[in-house]
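S.K.: below are the sequence and a predicted model; questions follow.
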Amino acid sequence: MNVLLLRPVPSNERFGLGPFFRIEPLGMEYIAAALEARGHAVTLADLRFSRSLAAQVRASRPDVVGIAAMHALETDEVVALAREVHRLVPEVPIVIGGHTAAAYPEPFLVDHVAAVVVDDGERAFPLVCEAIARRQPLTGVPGLALRHRNGTVARTAGETGTLVLDEVPLPARQHVAPWRRQYACLAHRPAWLIETARGCPFRCSFCSIWQLHQRAVRERSIDAVCRDFESVGEHIFVADDLFWHHPSRSLELARELQRRGVRKQWILVQSRTDLVGRHPELLEAWRPLAKDFDIFFGLEAATDEGLDGLMKDATVDETMQGVGVAREHKYGVTGNFVIDPAWTEADFERLWAFVERHQLFQAGFTILTPLPGTKYFDDMRQTLRARRWSHFDMHHLLWEPRLGPRRFFELYCETWRRSVLNLKGRKGLLQWMREVDLSNALFLIQALRRTQKLMDAEHYMKEYDLAPSVDELLGAPSRRSLTLRQV
């Protein structure tokens with residue numbers, strides 16, 4: 001079959017660190033590899049940079065179209081794209097997949113969408129294509145969510161099992177080669193995305209990853225990961241939700257990469273401070289693999305009470321122990337704190353003092369957001385007042401803050417002003433330019449200019465628009481099932 005895979009254009013990358021992260025659609029590259037291994041012809045179009053949708057449809061003449069839905073804030077764009085595909089080729093089945101669709105499929109099951117993939121896409125989507133080719137109903141394909149004529153949403157029956165990640169070939173990166181230069185991470189471009197493991201065993205209340213994967217972690221083989229590292233360029237973002245989770249395997253991987261002579265210009269990984277604090281030998285083993293090596297930590301809170309409230313299962317002492325180990329081994333330390341709308345001014349002041357005391361000026365700050373697919377989302381459903389899915393970007397308020405919106409945003413912006421992104425504060429533009437390759441200077445300047453809005457409360461107030469009820473956006477319980485049953 002001819003398969004067209006589409007990465008939509010998100011409309012809301014204005015807030016937070018979004019301007020610094022334009023990463024390749026790795027999940028779709030893996031799906032493309034799985035499809036091609038079964039003899040299908042694949043066209044992958046990253047619509048952020050590619051020709052128009054109409055041109056892609058004309059050129060690929062698809063038998064089925066797959067659309068990626070990675071983040072809740074992109075929901076409206078994904079649905080709009082599905083409608084446009086249906087308008088252009090009304091006879092072609094449309095299937096939506098990706099993290100946010102799998103975690104919460106209901107908003108995507110509009111009339112012209114055949115199914116939402118809720119299992120690993122590398123396994124489920126080829127089965128969808130085979131069923132369509134044989135003119136068989138999708139109800140017989142496991143790992144899907146379908147909407148019935150009466151409006152209810154159901155999960156298809158059948159054994160899905162656990163996908164062994166090495167069952168799928170390495171990602172078909174050749175499909176995004178025309179736009180490689182566009183993919184950036186912080187000040188590094190072109191950037192390459194690598195996955196060595198999938199899932200997370202922890203239970204942070206705001207995160208949908210562990211709930212989607214049922215707290216399991218799956219790992220790719222040492223050989224597969226090494227071949228992937230060898231095949232990509234000099235600037236790498238490792239997409240694992242929890243890097244170094246399996247210490248002995250992580251040590252083995254580092255040693256094998258060194259044995260093969262792999263060394264990059266820059267690597268960024270995501271991990272936990274308590275894990276790093278307990279295993280300094282991991283950082284010692286990995287540090288020689290890149291000239292510059294950064295760790296992104298989920299710092300989350302400046303107090304033990306705040307960490308407990310987020311179910312972080314860690315303490316502030318463990319946070320600082322991990323940060324200390326990273327700095328001792330010459331890693332760059334960045335991370336993120338979560339700002340609760342229930343905060344008082346004293347809570348903001350405690351965070352500022354913590355950041356200052358520990359010199360955590362490269363941290364980012366996001367507003368506590370119940371993401372679809374989490375228990376926290378279900379618990380907060382009656383409280384949520386979002387008008388648009390784009391407001392689930394962790395930089396909009398979804399309910400009335402304790403301090404009132406204006407004072408909350410004033411303090412929130414003051415928090416950002418204490419970071420290195422404030423060009424009028426800790427780090428000026430000339431200092432930034434000294435640290436970046438000349439070829440990436442324009443990209444960095446554009447990203448930094450956009451982030452200056454983080455310091456302006458009026459920028460946030462212009463979009464502060466809470467709905468009286470969130471049912472119209474999320475679907476009223478009387479009209480849509482909130483849990484998936486099997487058929």
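M.R.: Happy to help now that I have it. Quick caveat: nothing in here was measured; it's all calculated off a predicted structure.
S.K.: going by C-alpha atoms from here, please, whenever you check contacts or count neighbours.
M.R.: Fine.
S.K.: helices of the stretch 101-250 of the chain, residue ranges please.
M.R.: Applying DSSP state H, counting those that start in this stretch to the stretch 101-250 of the chain gives helices spanning 121-133, 209-212, 222-231, 247-259.
S.K.: now for the third one, which elements pack on it?
M.R.: With contacts defined as 3 or more C-alpha pairs under 8 Å, 6 or more residues apart in numbering; DSSP states H and E, the packing partners of helix 222-231 are helix 247-259.
S.K.: need the contact partners of the helix or strand following the helix it packs on.
M.R.: Remark: after helix 247-259, the chain's next helix or strand is strand 264-271, criterion DSSP states H and E. Residues outside strand 264-271 that contact it (C-alpha atoms under 8 Å, 6 or more residues apart in numbering): 233-245, 289-298.
S.K.: quick one: name whatever helix or strand follows strand 264-271.
M.R.: Heading C-terminal from strand 264-271, the first helix or strand you meet, by DSSP H and E, is helix 273-278.
S.K.: residues of that next one that come out buried?
M.R.: Going by neighbour count (16 or more other C-alpha atoms under 10 Å), the buried part of helix 273-278 is 273-277.
S.K.: stretch 393-404: end-to-end distance?
M.R.: Taking C-alpha to C-alpha, to the nearest Å, stretch 393-404 runs 20 Å from one end to the other.
S.K.: in the chain, which strand is the longest?
M.R.: The longest strand of the chain (DSSP state E) is strand 290-300.
S.K.: from the chain's centre, how far out does stretch 114-121 sit?
M.R.: Remark: stretch 114-121 is offset 18 Å from the chain centroid, using C-alpha atoms, centre = their mean, to the nearest Å.
S.K.: what of stretch 227-237?
M.R.: 20 Å.
S.K.: can you check stretch 238-257 too?
M.R.: Computed by C-alpha atoms, centre = their mean, the chain-centroid distance of stretch 238-257 equals 20 Å.
S.K.: residues of it that come out buried?
M.R.: For stretch 238-257, by 16+ other C-alpha under 10 Å, it's 238-245, 250-251, 253-254, 256-257.
S.K.: among those residues, which two are most distant?
M.R.: Largest separation among the buried residues of stretch 238-257 by C-alpha to C-alpha: 241 and 256, giving 21.7 Å.
S.K.: for the stretch 1-150 of the chain, what spans make up the strands?
M.R.: For the stretch 1-150 of the chain, the strands defined by DSSP state E, counting those that start in this stretch occupy 2-7, 21-22, 41-46, 64-68, 94-97, 115-117, 144-147.
S.K.: okay, residue 435: pLDDT?
M.R.: Looking at residue 435, its pLDDT stands at 82.
S.K.: my guess is residue 414 contacts residue 425, does it?
M.R.: No: at 11.2 Å, residue 414 and residue 425 do not qualify as touching, with contact defined as C-alpha atoms under 8 Å.
S.K.: can you give the domain ranges for the chain?
M.R.: 2-163+480-486, 183-337 (automatic domain parsing).
S.K.: dump the longest strand of the chain to PDB, keeping only the CA atoms.
M.R.: The C-alpha trace of strand 290-300 is given here as PDB (Å, rounded to 0.1, in the frame of the first residue of the first chain):
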ATOM      1  CA  ALA A 290      30.700  13.900  24.200                       C
ATOM      2  CA  LYS A 291      32.600  17.200  24.200                       C
ATOM      3  CA  ASP A 292      29.600  18.800  25.900                       C
ATOM      4  CA  PHE A 293      27.100  16.800  27.800                       C
ATOM      5  CA  ASP A 294      23.900  18.100  29.400                       C
ATOM      6  CA  ILE A 295      21.300  16.600  31.800                       C
ATOM      7  CA  PHE A 296      17.700  17.700  32.000                       C
ATOM      8  CA  PHE A 297      16.300  17.000  35.400                       C
ATOM      9  CA  GLY A 298      12.700  17.100  36.500                       C
ATOM     10  CA  LEU A 299      13.500  19.300  39.500                       C
ATOM     11  CA  GLU A 300       9.700  20.000  40.000                       C
END
